[in-house]
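*Asks:* have a look at this fold, sequence not included:
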């Protein structure tokens with residue numbers, strides 16, 4: 001994966017994270033079950049960490 005592809009993937013994951021965080025906040029405010037959304041956020045955090053490591057190796 002090129003440096004540009006890694007950066008694009010990071011940006012996409014950041015947008016997904018923000019969207020899911022907003023959904024989670026709304027669901028939590030209404031007393032909904034947020035377990036699945038929390039798992040999604042954890043998965044994204046792990047993917048971001050891996051991509052950042054790849055990005056650092058590419059530098």
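*Replies:* That came through fine. Computed from a predicted model, the values in this text were never measured in an experiment.
*Asks:* from residue 30, how far out is the residue nearest the centre of the chain?
*Replies:* Here the mean C-alpha position of the chain is nearest to the C-alpha of residue 44 (Cα atoms, centre = their mean), at a distance of 3.2 Å. Remark: distance between residue 44 and residue 30 (Cβ to Cβ, to the nearest Å) = 22 Å. Using the backbone N, CA and C atoms, a C-beta is placed for each residue, glycine as well.
*Asks:* now do residue 2
*Replies:* Counting by Cβ to Cβ - residue 2 and residue 30 are separated by 42 Å.
*Asks:* and if you look at residue 11?
*Replies:* Residue 11 is 30 Å from residue 30, by Cβ to Cβ.
*Asks:* compare these two (neighbour count), which wins?
*Replies:* When residue 11 and residue 30 are compared for neighbours, residue 11 comes out ahead with 10 against 7, by other Cβ atoms under 10 Å.
*Asks:* so what's that one scoring on pLDDT?
*Replies:* Here, the pLDDT recorded for residue 11 equals 98.
*Asks:* hang on, isn't the residue nearest to the centre of the chain packed against residue 17?
*Replies:* Yes - counting by Cβ atoms under 8 Å, residue 44 touches residue 17, with 4.9 Å between them.
*Asks:* show me the contact partners of the helix or strand containing the residue nearest to the centre of the chain.
*Replies:* In this assignment (DSSP states H and E), residue 44 forms part of helix 35-58. Applying Cβ atoms under 8 Å, 6 or more residues apart in numbering, the external contacts of helix 35-58 come out as 1-3, 6-7, 9-10, 13-14, 16-17, 20-21, 23-24, 27.
*Asks:* mind doing that once more with 10 Å?
*Replies:* Contact with helix 35-58 is made by 1-7, 9-10, 12-14, 16-17, 20-28, 34, as judged by Cβ atoms under 10 Å, 6 or more residues apart in numbering.
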